[in-house]
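**Q** everything below, folded, please.
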Amino acid sequence: MRIAQKRLFGTIGLGVALVVLVAIFVWWKNKPPGYLDPLIPPANTAGTILALKETESGHTLVAIQADGSMRSPDDPGNVTECAWDARGERAVFISNRGEAGTYQVFNWVPDRANEPYRISSGAPTSGLYVHPSGRYVLVVSRGDVVAFSYPGGIARRVMPPSVEPVIGAEQELGMPGTAPDYQDIAQAISDQWRVVKTSVDGESFEKGFVDRSGRYFAGILSTARGKALVLQNLEPQEPEQVPAAVPLAAETLDLAIHPTDPVVAVSLHRFQYPSLAAIPRENVNPDGTVKKPYENALFLISFESGAVPFFVSPDDSQRLARPSFSPDGAQLAFLLIEKEGEKYVNRGLFVAPAQEGGIQAARLVAEGNVQDPSWLPDGSGFLFVREGDIYQVNVDGTGLKRITKDGGPYSSPQRSPKR
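**A** Have a look, this model is predicted:
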């Protein structure tokens, strides 16, 4: 009797296992494009540093393992930008590898031998940003900001938004601008964008971001005079929310987006009015010159509550560059640049509370010519480049450690968020 029961239970268990395997196989064969393929075995990328290394022909991509060994993809081409995917298992990079020679987005697993997989297609791309959801990447293509589902490569224009019908896979993947009945909204935003872009002499986007919720867009737009900040509600509820806002412009802009909230940090060097119509009459001198409210600044701008000043300089003696939020969003890191005569001197990496007037509580993390700083995934410190090599330092300025010793020169170092 017991033997019969064991056989019965064994048969039932085998049947259940077969049903599960068949279901997985059917789903796998019919899964929507764009779903992430599982890595078997799981990626061993915890502690790995991704960076670019200069070569005679441009830049290559390197993955620096915890033991100091390095790995690069075969035939990477000239790599211009890189980032980790949201899980920290795969490298995402822009390169001209391949027969076409155009700059496209690729995906590569750094801990094993594998051929980089191309994500994007069509016109050359730049301005790489991996959305924190991990479901898509943003790039600039033909001057517009485009989302490619990750890693399937379904493309949809984000700014200005695509007016084509939304397909099921796009909606299921949570790509921006794919809410039901979005076509009318997209058309209204696109129509208004043409007017706004013309008013600021806009040319093309340099980079774009979408907040974690997918509702808000922020981007840097090249104009005939410099750079302009563009803010767009992608899901406007009222008519006045449809036109994009261009609240700030300058000779140069740096932009960072908060990891969880609809907030951006934007640093300005050499303030400009976004358009001639934006200049207050009282700021126009009799000789035609224009008074500026300030020269350099850094603002924290909430899509929901407005802007607050983090730092303001009336002249060009000081400016902040490369702002970046800590992983929890509570702190803001930046480089302090000071003018000495006709030269600009990098004073180092600083951290301060991400709040109004936060510059007053700034503290030095790493002194000197710090380049390309990036937060460690747990917020405990930074990676940065100095004199070509990669260094690591704690957020309080202690524990400075040199990671590479060959002089590179390296750029864009970033540690995998995988634990």
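
**Q** state the next helix or strand along the chain beyond the strand ranked longest in the chain.
**A** The longest strand of the chain (DSSP state E) is strand 245-257. As assigned by DSSP states H and E, the chain's next helix or strand after strand 245-257 is strand 263-272.

**Q** need the CA coordinates for that next one. CSV is fine.
**A** C-alpha atoms of strand 263-272 as CSV (Å, rounded to 0.1, in the frame of the first residue of the first chain):
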residue,chain,number,x,y,z
VAL,A,263,13.2,66.4,-8.6
VAL,A,264,16.2,67.5,-10.7
ALA,A,265,19.4,69.3,-9.8
VAL,A,266,20.7,71.7,-12.5
SER,A,267,23.9,73.6,-12.4
LEU,A,268,24.4,76.7,-14.6
HIS,A,269,27.5,78.3,-15.9
ARG,A,270,27.1,81.8,-17.3
PHE,A,271,23.4,82.5,-17.0
GLN,A,272,21.3,83.3,-20.1
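
**Q** make residue 1 into 25 and carry on from there
**A** All set: I'll call the first residue 25, so the last point we hit is now strand 287-296.

**Q** show me how far it is from its chain's centre.
**A** When C-alpha coordinates are averaged (Cα atoms, centre = their mean, to the nearest Å), strand 287-296 and its chain have centres 17 Å apart.

**Q** mind listing the helices for the stretch 75-224 of the chain?
**A** Secondary structure of the stretch 75-224 of the chain (DSSP state H, counting those that start in this stretch): helices located at 192-196, 207-223.

**Q** okay if I get those helices as TSV plus mean neighbour count and mean pLDDT?
**A** Glycine gets a C-beta too; all of them are placed from N, C-alpha and C. Output for those, formatted as TSV (neighbours: other Cβ atoms under 10 Å; pLDDT from 0 to 100):
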stretch	mean neighbour count	mean pLDDT
helix 192-196	16	53
helix 207-223	16	95
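
**Q** tell me the centre residue of the chain?
**A** Y153 (3.1 Å; Cα atoms, centre = their mean).

**Q** run a quick neighbour tally on the residue nearest to F117 when sequence neighbours are not counted.
**A** Of all residues not flanking F117 in the chain, C106 sits nearest, at 4.1 Å (Cβ to Cβ, 6 or more residues apart in numbering). The number of residues packed near C106 is 26, by other Cβ atoms under 10 Å.

**Q** wait, C106 sits on A115?
**A** Yes: C106 is within contact range of A115, at 6.1 Å (criterion: Cβ atoms under 8 Å).

**Q** need the overlap of contacts for those two.
**A** By Cβ atoms under 8 Å, 6 or more residues apart in numbering, C106 and A115 have these common neighbours: L74, L85.

**Q** point out where this protein drops to low pLDDT.
**A** 25-62, 189-198, 201-204 (pLDDT under 70).

**Q** what packs against the helix or strand containing E230?
**A** Per DSSP H and E, E230 falls inside strand 226-234. Using 3 or more Cβ pairs under 8 Å, 6 or more residues apart in numbering; DSSP states H and E, the elements in contact with strand 226-234 are strand 149-154, strand 160-165, strand 168-173, strand 179-183, strand 240-247, strand 251-257, strand 269-281.

**Q** how about a cut-off of 6 Å?
**A** strand 149-154, strand 240-247 (3 or more Cβ pairs under 6 Å, 6 or more residues apart in numbering; DSSP states H and E).

**Q** which outside residues touch that strand?
**A** For strand 226-234, contacts defined as Cβ atoms under 6 Å, 6 or more residues apart in numbering pick out 151, 153, 162, 164, 167, 169, 183, 200, 241-247, 281.

**Q** who does that strand pair up with?
**A** Strand 226-234 has the following strand partners under DSSP bridges: strand 240-247 (antiparallel).

**Q** only C-alpha atoms, please: export stretch 389-408 in PDB.
**A** The C-alpha coordinates for stretch 389-408 follow below in PDB (Å, rounded to 0.1, in the frame of the first residue of the first chain):
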ATOM      1  CA  VAL A 389      35.500  64.600   0.200                       C
ATOM      2  CA  ALA A 390      38.500  64.600  -2.200                       C
ATOM      3  CA  GLU A 391      40.700  67.600  -3.000                       C
ATOM      4  CA  GLY A 392      42.200  68.500  -6.300                       C
ATOM      5  CA  ASN A 393      41.500  67.700  -9.900                       C
ATOM      6  CA  VAL A 394      38.800  65.100  -9.400                       C
ATOM      7  CA  GLN A 395      37.100  63.900 -12.600                       C
ATOM      8  CA  ASP A 396      34.000  61.800 -13.300                       C
ATOM      9  CA  PRO A 397      32.900  61.100  -9.700                       C
ATOM     10  CA  SER A 398      30.200  58.500  -9.100                       C
ATOM     11  CA  TRP A 399      28.500  57.400  -6.000                       C
ATOM     12  CA  LEU A 400      29.000  53.800  -4.700                       C
ATOM     13  CA  PRO A 401      25.700  52.000  -4.800                       C
ATOM     14  CA  ASP A 402      25.300  52.000  -1.000                       C
ATOM     15  CA  GLY A 403      26.100  55.700  -0.700                       C
ATOM     16  CA  SER A 404      29.200  55.100   1.500                       C
ATOM     17  CA  GLY A 405      31.600  56.700  -0.900                       C
ATOM     18  CA  PHE A 406      32.700  57.500  -4.400                       C
ATOM     19  CA  LEU A 407      34.800  56.300  -7.400                       C
ATOM     20  CA  PHE A 408      36.600  59.100  -9.300                       C
END
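
**Q** hmm, back to that, my guess is the residue nearest to F117 contacts I118. True?
**A** No: C106 is beyond contact range of I118, at 7.7 Å (criterion: Cβ atoms under 6 Å).

**Q** report the buried members of the contacts of strand 226-234.
**A** Using 16 or more other Cβ atoms under 10 Å as the burial test, the contacts of strand 226-234 include 151, 153, 162, 164, 169, 183, 200, 241-247, 281 as buried.

**Q** quick one: buried residues of stretch 84-93?
**A** T84, L85, V86, A87, I88.

**Q** also stretch 174-192?
**A** By neighbour count on 16+ other Cβ under 10 Å, the buried set for stretch 174-192 is 174-187, 190.

**Q** between those residues, which sits nearest I64?
**A** P175 (15.7 Å; Cβ to Cβ).

**Q** show me the contacts for the closest one.
**A** N131, I143.

**Q** again, but for I361
**A** Here I361 is in contact with R343, A345, Y368, N370 (criterion: Cβ under 6 Å, 6+ apart).

**Q** buried subset of the residues you listed, written for PyMOL?
**A** In PyMOL, this line selects whichever of the contacts of I361 come out buried by 16+ other Cβ under 10 Å:
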select buried, resi 343+345+370
